[in-house]
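Trainee: sequence? don't have it. structure:
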C-alpha cells in the first residue's frame, strides 16, 4: 500500500502537479472479519485518514474532530473555494466554509447482499448508541462472500459445536437487544451494553433523541417507504447484472445447507431456500435468454464448474447437458 501511494505521488511530481494537489488518503474495511465491513461498531466505522497539503501545512498534527465520509464532498468544495450546495449532506471540516465541529456522527446498516438488517447508530466523542429495528434477526445472517472466508468458517464451526466462549459468543446471539449503548473510552470493542444501566440513563436519552431527530428527516428505504423487496427477488437481478464471476453458486450452497453442513445449517435464510423449489439457473434464463451458458457449481463438488448444469432444490437434483458433474 505504501508503495502504491508513493507511485501516485511520483506520478503527480513527474506531471508537475504535486505542488498543486491536495491528497486525501483513507481506507475501506477488510471483509470476512467479525464486526468489520458492513458493521456500525467502531471496528466497522473508523478508518485511517490522512491529508497532505502541497505547502506542508499541518504536517504531523492530529485533528480529533468527529468526521463522517459525507463530509468529504462539502470539504473539497470548501478548500477549492467553490460554494457548497444546500442539498449536500455533511459539512465542511476545512477551508473558508468550515462548519463548527460535529457533536455527533451517524451510521446505518441495512441490506448486505442476501442479508437484511436495519440498524442505526449515533456516536459522540465517547459514547455509541445503536437502535436495532429488527431485533428478531440475529447479528450473523447468511452472507456467502463473508462466510467463505477462512476465519468465518472457523467461527461458524465453533458456534455450531458450542465451542465459543466469552465475548465472542455475543455476536452469534439469535436475537438483538432493541438498544445498545457503549462507553468507547473504557470499552473500545463495544462489548458491555450499558443501555439498561440506570447510571447511563441520561446519556442513553440524549443519544436516542439525537437519533430520532435525524431519523425523522430520513426515510428508511424498504421500511418507511413500503418498498421492501423480498430476499429472493433481488437474487436473479444481482446475478444477471454481471457482478463477480457470473457463476451461480446457490446450488452448492443450498445443497450443503440442506445436508446439515455446520457452516450453514443454522442460517434461517438458507432454510427458506431449502424449503422451496428454486432453480437459480432458470432465474437467469428468464431474465436473459442469451446467457444459457451460465455456470453453476454442481452439488457435491464445490470446486468444479461445468456449463449448463442445473441444480434444483430441495432435492438438489443435478441435470446435465453435454457436461458431467
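Mentor: It's in. Since the model is a prediction, treat every value here as computed from it, not as a measurement.
Trainee: Distance check, the nearest residue to residue 51 once chain neighbours are set aside against residue 89.
Mentor: Distances taken as C-beta to C-beta, 6 or more residues apart in numbering put residue 24 closest to residue 51, at 5.8 Å, once the chain neighbours are dropped. Where you see a C-beta, it was placed from the backbone N, CA and C, and this is true even at glycine. Separation of residue 24 from residue 89 (C-beta to C-beta, to the nearest Å): 18 Å.
Trainee: what's the answer for residue 203, then?
Mentor: For residue 203 relative to residue 89 (C-beta to C-beta), the value is 26 Å.
Trainee: can you check residue 66 too?
Mentor: Taking C-beta to C-beta, one finds residue 66 at 15 Å from residue 89.
Trainee: so residue 117 touches residue 137, yeah?
Mentor: Yes. Counting by C-beta atoms under 8 Å, residue 117 touches residue 137, with 6.0 Å between them.
Trainee: check contacts around residue 187.
Mentor: Contact criterion C-beta atoms under 8 Å, 6 or more residues apart in numbering gives no residues in contact with residue 187.
Trainee: what domains does the record give for this structure?
Mentor: Domains of the chain are assigned by automatic domain parsing as 2-99, 106-215, 231-319.
Trainee: For the last one, what does the pLDDT average out to?
Mentor: The one in question is domain 231-319. The pLDDT scores in domain 231-319 average 39.
Trainee: Tell me which stretches of this structure form strands.
Mentor: For the chain, strands defined by DSSP state E occupy the ranges 23-26, 49-52, 105-109, 119-123, 127-132, 179-183, 295-297, 305-307, 310-312, 317-319.
Trainee: These: which one's closest to residue 38?
Mentor: The closest of the strands of the chain to residue 38 is strand 105-109. By C-beta to C-beta, the value is 6.5 Å.
Trainee: what comes up buried for the longest helix along the chain?
Mentor: In the chain, assigned by DSSP state H, the helix with the most residues is helix 201-215. Along helix 201-215, these residues count as buried under the neighbour rule (16 or more other C-beta atoms under 10 Å): 203-204, 206-208, 210-211, 215.
Trainee: What of stretch 132-151?
Mentor: 132-134, 137-143, 146-147.
Trainee: From those, which land in helices?
Mentor: 146-147.
Trainee: Now the two most distant members of the buried residues of stretch 132-151.
Mentor: Among the buried residues of stretch 132-151, 133 and 147 lie farthest apart (C-beta to C-beta), at 23.5 Å.
Trainee: show me what contacts residue 135?
Mentor: Residue 135 makes contact with 175-178, according to C-beta under 8 Å, 6+ apart.
Trainee: Distance to residue 73 and neighbour count added to those, as TSV?
Mentor: Shown next, in TSV, are those (distance: C-beta to C-beta, whole Å; neighbours: other C-beta atoms under 10 Å):
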residue	distance to residue 73	neighbour count
175	38	12
176	32	18
177	34	14
178	33	11
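Trainee: Turn those residues into CSV, including pLDDT and distance to residue 83.
Mentor: Formatted as CSV, the contacts of residue 135 follow (pLDDT from 0 to 100; distance: C-beta to C-beta, whole Å):
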residue, pLDDT, distance to residue 83
175, 94, 48
176, 95, 43
177, 95, 44
178, 95, 42
